[in-house]
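*Asks:* can't give you the sequence, but here's the structure:
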C-alpha cells in the first residue's frame, strides 16, 4: 500500500513511493541517503533528528514521510553553500560547540530556527531555543557561545551586504 | 520503533474527513500534529488500521475574535497560540500555557485540538481550558454540538467525543476587567510533561476581594479537574496570604492523586498545594 510523495529536500525535488508508516527520519536516512540527520531517543525528546519542515524545526522521528508530501525539508547537508560553512556550522567549529558530534546536526537546525525568529538572542533565549535538544558532552556552554558567534556573524554579513548596495 | 502498517488518508477539507471517519469509525485514528499519536503508534500501544491526517484541512487552523470570545481552530499549532498577539492581549492564559508545552519542535507541530482530544492526564492545555470555562465544538456527519470543558474530560485519555465526531474549535472568553491569570507548572525533567500544572483565572475588586475565581489542575489525577474547594475558599474573601494558603491546602480535596515512577501520590498532592498557592499569587499580581 505505497503512496507517492513529492518532497523538496535541500532544494532538490524527490519523488518516491513510500509505505505510510515510514517515519520521515528513516526516509531521509535510508531512502534519500542523507545520514546527517541522526536518530537518538526515537521518542521525540532528544532532538538529534531535528530538521526544518517548511522552515520550522521539527523532530523527524515523530512525523511520517507521507506528511511531508509537498513540503520543503532542510537537513544539515543543506546548510553549507558552495563549500562555505553556514555561520552556525562555523560557530560550532570555532567555539568547540561539540565533542562527540551526535547531537550537532539537530542542535544546529534548532539554532537555525532560533536565529530566524530571534536574530539577536540573549543567553536565556538561546537556552530556551535549544530546550528540545539534548547534548551529553559539552554542558551546553560552548553550544551557546557557538550560537552567539553565528548570530554576530550573520549580523555583520548582513550589514556588510547592506553597505555594499 | 516501527508502527504497524495502516492505510493513510489526507482529506482536503472537513467534510471529506468526516466522511472517512464515519466510514471507519473506531478502526480509524485522526492525525493532527501527531505528537501524541505517533509516539503511541511507535510503541504499538495504538495500532489503527486507518489514519486520517487532518494536516490538509486548512480551514481548522485559525485564531479569531467573536465578540467577547476568542475562537481557536482545532488544528492551530501550539506555536501559533503561544505567539498570537490577539491571545496575548485578550486571553494571555492560553498563550502562556502553550508557551510551557514541551519544547520548540513539539510546539511547531502539536495542535490544540490534538492535545485536547488525546486527553493526556499530564498535558498542559486541560488546566487552562477548565479554568477558562472553555467550550469545545464537535462536528460529525449528523451535525454539531458544543461541549463544556468540564464535561469534555471523562477519564485518562478519554473524552466525551463520540466515534464519528471531530473536535473542530475551542471557544474561550476574553479576559474580563480586573482579572488576572496564571499558569504554573512543575515539568517532568525528561519529557516536559506536567507533574503538576495549575491554571488560575481570578477577578478581584479594587479592595482586593476575590469576586470570582476558577482553578484548573493537571498532572495530578487521571484527568484534569476544577479545584472547587479552593475556589470556594477564595470567593468573597480578601486575598491575604493566610486566605490563599488555606485555600491552596484544599487543592486535592476529593481527588485521588496518581502515583508513578516520577512522583508518589503524596508528592503529587504536595506539589498541587504548593503550586496552587503560587498560581493564585501570580494571578493576583497580574490583575
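*Replies:* Great, that's in hand. Given the structure is predicted, the values throughout are model-derived calculations rather than measurements.
*Asks:* Strands along the stretch 1-150 of chain B, start to end?
*Replies:* When assigned using DSSP state E, counting those that start in this stretch, the strands of the stretch 1-150 of chain B occupy the ranges B:7-9, B:28-31, B:50-53, B:63-66, B:69-73, B:135-140, B:143-148.
*Asks:* Please enumerate residues in contact with stretch B:255-267?
*Replies:* Residues lying outside stretch B:255-267 but in contact with it, judged by Cβ atoms under 8 Å, 6 or more residues apart in numbering or on different chains, are B:121, B:188, B:195, B:220, B:221, B:222, B:225, B:268, B:269, B:271, B:272. C-beta: built from backbone N, CA, C; applies to glycine.
*Asks:* What strand or helix carries the third one?
*Replies:* Secondary structure from DSSP states H and E places residue B:195 in strand B:194-204.
*Asks:* How about the fourth one?
*Replies:* When secondary structure is defined by DSSP H and E, residue B:220 falls outside every helix and strand.
*Asks:* Show me what from chain B comes close to chain A.
*Replies:* Within chain B, the positions lying close to chain A (Cβ under 8 Å from any Cβ of the partner chain) are B:1-8, B:10, B:31, B:34-35, B:38-39, B:41-42, B:51, B:53, B:55, B:79, B:102-106, B:108-109, B:190-191.
*Asks:* How confident is the prediction for the residue in chain B that chain A sits nearest to, by pLDDT?
*Replies:* For chain B, the nearest residue to chain A under the criterion Cβ to the nearest Cβ is residue B:103, separated by 3.0 Å. Predicted confidence (pLDDT) at residue B:103: the value is 96.
*Asks:* ok, how many other residues are close to it?
*Replies:* Neighbourhood size, residue B:103 [other Cβ atoms under 10 Å in any protein chain shown]: 21.
*Asks:* Ok, residue B:278 next?
*Replies:* 15.
*Asks:* again, but for residue A:91
*Replies:* If you count neighbours by other Cβ under 10 Å, residue A:91 ends up with 25.
*Asks:* if I've got this straight, it is in a helix?
*Replies:* Yes - looking at residue A:91 with DSSP: H, G, I helix; E, B strand; the rest coil, it is inside a helix.
*Asks:* distance of it from chain B?
*Replies:* Counting by Cβ to the nearest Cβ, to the nearest Å, the gap from residue A:91 to chain B is 19 Å.
*Asks:* and that residue, what does it touch?
*Replies:* A:97, A:145, A:146, A:147, A:148, A:149, A:150, A:153 are the contacts of residue A:91 under Cβ under 8 Å, 6+ apart.
*Asks:* Select only the buried ones of those in ChimeraX?
*Replies:* In ChimeraX, this line selects whichever of these come out buried by 16 or more other Cβ atoms under 10 Å in any protein chain shown:
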select /A:97,145,146,147,148,149,150,153
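*Asks:* which residues touch residue B:59?
*Replies:* For residue B:59, the contact set (Cβ under 8 Å, 6+ apart) comprises B:13, B:14, B:73.
*Asks:* So for the closest residue to residue B:46 other than its chain neighbours, what's the pLDDT?
*Replies:* Nearest residue to residue B:46 in three dimensions, chain neighbours excluded: residue B:40, at 4.0 Å (Cβ to Cβ, 6 or more residues apart in numbering or on different chains). On the pLDDT scale, residue B:40 is placed at 95.
*Asks:* same thing with residue A:164?
*Replies:* Among the per-residue scores, residue A:164 holds a pLDDT of 57.
*Asks:* Repeat that for residue B:192.
*Replies:* Reading off the confidence values, residue B:192 has pLDDT 89.
*Asks:* The closest residue to it other than its chain neighbours: neighbour count?
*Replies:* The shortest distance from residue B:192 to any residue other than its chain neighbours is 4.7 Å, reached at residue B:102 (Cβ to Cβ, 6+ apart). Neighbouring residues of residue B:102 were enumerated by other Cβ under 10 Å; the total is 25.
*Asks:* what residues are up against residue B:102?
*Replies:* Residues counted as contacts of residue B:102 (Cβ under 8 Å, 6+ apart) are A:132, B:35, B:78, B:110, B:192.
*Asks:* which residue ranges form the helices in chain A?
*Replies:* Read by DSSP state H, chain A holds these helices, from start to end of the chain: A:24-26, A:87-94, A:104-117, A:123-129, A:141-164.
*Asks:* Quick one: mean pLDDT for stretch A:64-82?
*Replies:* The model assigns stretch A:64-82 a mean pLDDT of 97.
*Asks:* quick one: it near chain B?
*Replies:* Yes - against chain B, stretch A:64-82 shows contacts by Cβ under 8 Å from any Cβ at A:64, A:66, A:67, A:69.
*Asks:* ok, which stretches of the stretch 51-200 of chain B are helices?
*Replies:* Under the criterion DSSP state H, counting those that start in this stretch, the stretch 51-200 of chain B carries helices at the ranges B:78-83, B:85-90, B:92-99, B:104-109, B:112-118, B:125-131, B:149-152.
*Asks:* about what we covered before: just the contacts of residue B:102 now: which is nearest residue B:212?
*Replies:* Each of those was scored against residue B:212 by Cβ to Cβ, and residue B:78 proved nearest at 27.9 Å.
*Asks:* quick one, domains of the chain?
*Replies:* You didn't say which chain, so I picked chain A. Following automatic domain parsing, chain A resolves into domains at A:3-78, A:87-164.
*Asks:* try again with chain B
*Replies:* What automatic domain parsing lists as the domains of chain B is B:7-56, B:58-173, B:179-285.
*Asks:* From the residues of chain B next to chain A, list just the buried residues.
*Replies:* Of all the residues of chain B next to chain A considered here, the ones buried according to neighbour count by 16+ other Cβ under 10 Å are B:3, B:6, B:8, B:10, B:31, B:34-35, B:38-39, B:41-42, B:51, B:53, B:55, B:79, B:102-106, B:108-109, B:191.
*Asks:* got the phi/psi numbers for the nearest residue to residue B:17 once chain neighbours are set aside?
*Replies:* Ranked by Cβ to Cβ, 6+ apart and with sequence neighbours excluded, the top spatial neighbour of residue B:17 is residue B:11, at 4.2 Å. Here the main-chain torsion angles of residue B:11 (degrees, to the nearest 10) amount to phi -60, psi 150.
*Asks:* Verify the stated contact: residue B:11 with residue B:21.
*Replies:* No - with contact defined as Cβ atoms under 8 Å, residue B:11 and residue B:21 do not form a contacting pair (9.2 Å).
*Asks:* Overlap in contacts, the two.
*Replies:* A shared contact of residue B:11 and residue B:21, defined by Cβ under 8 Å, 6+ apart, is any residue touching both; here these are residue B:52.
*Asks:* on that earlier part again, tell me which of the helices of the stretch 51-200 of chain B is the most buried.
*Replies:* helix B:125-131 (a mean of 30; mean count of other Cβ atoms under 10 Å in any protein chain shown).
*Asks:* thinking again about what came up before, burial of the residue nearest to residue B:46, as a residue count?
*Replies:* Here the number of neighbours of residue B:40 (other Cβ under 10 Å) works out to 16.
*Asks:* looking at it, it is touching residue B:51, isn't it?
*Replies:* No - assessed by Cβ under 8 Å, residue B:40 is found out of contact with residue B:51, at 11.8 Å.
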